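Participant: I'd like to go over a predicted model; first the sequence, then the structure.
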Amino acid sequence: MIAGDTVRSRRRRALLLLLAPITLMLGVFFLIPLGIMVVYSFLEPGLYGGVEWNWYPYNYGRILGWPLNDYEEFDPIYLSIFLGSLKVACLTVLFSLLICYPAAFWVSRMSERRKTFVLFLIMLPFFANLLVRIYAWLLLLRPTGFINTLLQSAGLIAQPLDMLFSNFAVIVGMVYIFTPFMFLPIYANVEKLDYSLIRASQDLGATPLQTFLRVILPLTAPGIAGGSVIVFIPALGNFIVPAFLGGSKVQMTGNLIERSFLQSRDWPFGAALALLIMASVVLVLMIQFTRTARAQARGAV
Amino acid sequence: MFRGFRPGKLWSALFNSYGFLFLAFLYMPLALIVVYSFNANPINMAVWTGFTLDWYATIFGGAGVEGTFDVAFTESPERIFEVVKNSFLVATTAASISTLIGTATAVALARYRFAGKRFYQALLLLPMLVPDIVLGIALLIFFVGAGFHLSLLTIVIGHVTFLSSYVFVVVSSRLAGMDTTLEQASADLGAGALTTFRRVTLPLIMPGVLGGFLLAFIISLDDVVITYFIAGVGSQTLPLLILAMMRRGLRPQITALAVVIILFSFAVATVGMLLRNRKS
């Protein structure tokens, strides 16, 4: 009896010891900073940077349409930049999905040895530095870049194509960077596909298109959803890709946030923009969680 | 069409050529950098004017540096060495601390039953899900507000907050796939919890721990966005130097530097993945 209590209390102490570092770390350097950021987004920006500790909902007002009269101005540009970022993030998701989906089936058909090797090849570029991968696309897309030089020397075009500094360039760059993120969840799903269902569909006389739309697509929906969420989140807040591949022509919310922190020094405004991104992220995650929870409940029945 | 269908020759050929294009899409841009890094043309990298190693010489130090076409845009080998040193210092420290924290957390969540376990599981996912820029500015506000001097230390702290989660995930999957009977046997034979951990659990999860460390190391070494916000004036890392160089313009020196970085990252990633795939 007494010995049992000692063992239990010793295990409790061990558990506390194991959990203390992560609790301290994430509490102090993650949750508290995020909390302060929320508070900042409701504070008045100081005249020379910094904040005044006054309730000030007009940071959001400047973005969403209730500015403080005579002082701040509602500029629809912020909202349109935010909507533009949503568009770019959604298109990035769509195109990386189109690229990765067939590739997942390609890999799933391989022998185990080859599969391991090709999976490794697909993951590897993720470890090349983000900037290096963007740099590669700068070299490819710019007016004196690889693609234009190739097309010009082949005599296909007279003037270099204007590919850089456009939504196209930003989306291409992001699709390139996030390909492994999209590929893995879809692949994990495709790998587990129950082929007897597909064969049944064919035996029952379904056309290949019907089999795809009504059997394969629904069965791979969880992988598609997972990959989409994992790509959407970093794409929405990205500021490095648009900074280089979008130039001054394509502004995303991330660029606005960066500028309000490091140039105009309007921290509360930047924090409000960051919270707008966080709100979108939380919304997407909540949809995803209720989706998977519902799917699991269905599976249990 | 797929495995189990004995796909027709046409479908097989289509899938294989698509797969080839997919890999080409992933590797062509990187291959282009490698080729360009040996091009002697100092103005337009897309036009080949001859083979040279000069651009590598501007990184490692050596002949031909002073005669470089645009000296003003070239970083000195000393400067590059300094930021590389900073990067390695940060990555080693941050990866070591995150490995300790992440492993401890993984063991706690895998081997103990307690209230609030689900809370911890969710909390540990958050740092990987919060967009980089949001974490970056939140840490900047916090550090400035709390009176921290922005330095290599603040970068290390910032990195540890999200790297712990990555190590946690890697070590957890190792612990989940592990046979617990050995641990039970050790306990039944009278070994204390600490002894069991040191002599049984730790050796078994070691590949996962090392794999987690390498993953954390490479992510820390590569991190741009979070570091960008919490680096001080005197605490530039290699990605930040490259960022500054790219803002001034595309120069052959960046291309050569990019190749060195790609090779190093790929080497570390390869070792990491081999470790993680190794069956015990």
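Facilitator: Thanks, I have it.

Participant: can you give me the domain assignment for chain A?
Facilitator: If you go by automatic domain parsing, the domain ranges for chain A are A:1-40, A:76-300.

Participant: hmm, whichever strand or helix holds B:F217 in reach of chain A?
Facilitator: B:F217 belongs to helix B:202-222 when elements are defined using DSSP states H and E. Yes. Using C-beta under 8 Å from any C-beta of the partner chain, helix B:202-222 reaches chain A at B:218, B:222. The C-beta positions use only the backbone N, C-alpha and C, and glycine is treated the same way.

Participant: before we move on, the earlier item: which of the domains of chain A has the lowest mean pLDDT?
Facilitator: Lowest mean pLDDT of those: domain A:1-40, a mean of 87.

Participant: in it, what's buried?
Facilitator: A:14-15, A:18-19, A:21-23, A:25-26, A:29-30, A:33-34, A:36-37, A:40 (16 or more other C-beta atoms under 10 Å in any protein chain shown).

Participant: burial check on B:L150, number of neighbours?
Facilitator: Per other C-beta atoms under 10 Å in any protein chain shown, the neighbour tally for B:L150 reads 18.

Participant: how about the residue lying closest to A:V170 once chain neighbours are set aside, what does it touch?
Facilitator: Nearest in space to A:V170, with sequence neighbours left out and distances taken as C-beta to C-beta, 6 or more residues apart in numbering or on different chains, is A:G246 at 4.5 Å. Contacts for A:G246 (C-beta atoms under 8 Å, 6 or more residues apart in numbering or on different chains) come out as A:165-167, A:169-170, A:252, A:255.

Participant: any chance of those in JSON lines, with neighbour count too?
Facilitator: Shown next, in JSON lines, are the contacts of A:G246 (neighbours: other C-beta atoms under 10 Å in any protein chain shown):
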{"residue": "A:F165", "neighbour count": "18"}
{"residue": "A:S166", "neighbour count": "16"}
{"residue": "A:N167", "neighbour count": "16"}
{"residue": "A:A169", "neighbour count": "25"}
{"residue": "A:V170", "neighbour count": "28"}
{"residue": "A:M252", "neighbour count": "27"}
{"residue": "A:N255", "neighbour count": "20"}
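
Participant: can you put the residues you listed in CSV and add secondary structure?
Facilitator: What follows is the contacts of A:G246, written out as CSV (DSSP: H, G, I helix; E, B strand; the rest coil):
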residue, secondary structure
A:F165, coil
A:S166, coil
A:N167, helix
A:A169, helix
A:V170, helix
A:M252, coil
A:N255, helix
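
Participant: quick check, nearest of these to A:I177?
Facilitator: A:V170 (10.7 Å; C-beta to C-beta).

Participant: packing partners for the helix holding B:F217?
Facilitator: helix B:77-111, helix B:152-176, helix B:252-277 (3 or more C-beta pairs under 8 Å, 6 or more residues apart in numbering or on different chains; DSSP states H and E).

Participant: and the residue of the stretch 101-250 of chain B closest to chain A?
Facilitator: B:P131 (3.2 Å; C-beta to the nearest C-beta).

Participant: and for the stretch 151-280 of chain B?
Facilitator: The minimum distance from the stretch 151-280 of chain B to chain A, using C-beta to the nearest C-beta, falls at B:A269 (3.8 Å).

Participant: I'd like the distance between that residue and B:L221.
Facilitator: Going from B:A269 to B:L221 by C-beta to C-beta, to the nearest Å gives 11 Å.

Participant: which of these two has more neighbours?
Facilitator: A count of neighbours by other C-beta under 10 Å puts B:L221 above the other of B:A269 and B:L221, at 25 against 20.
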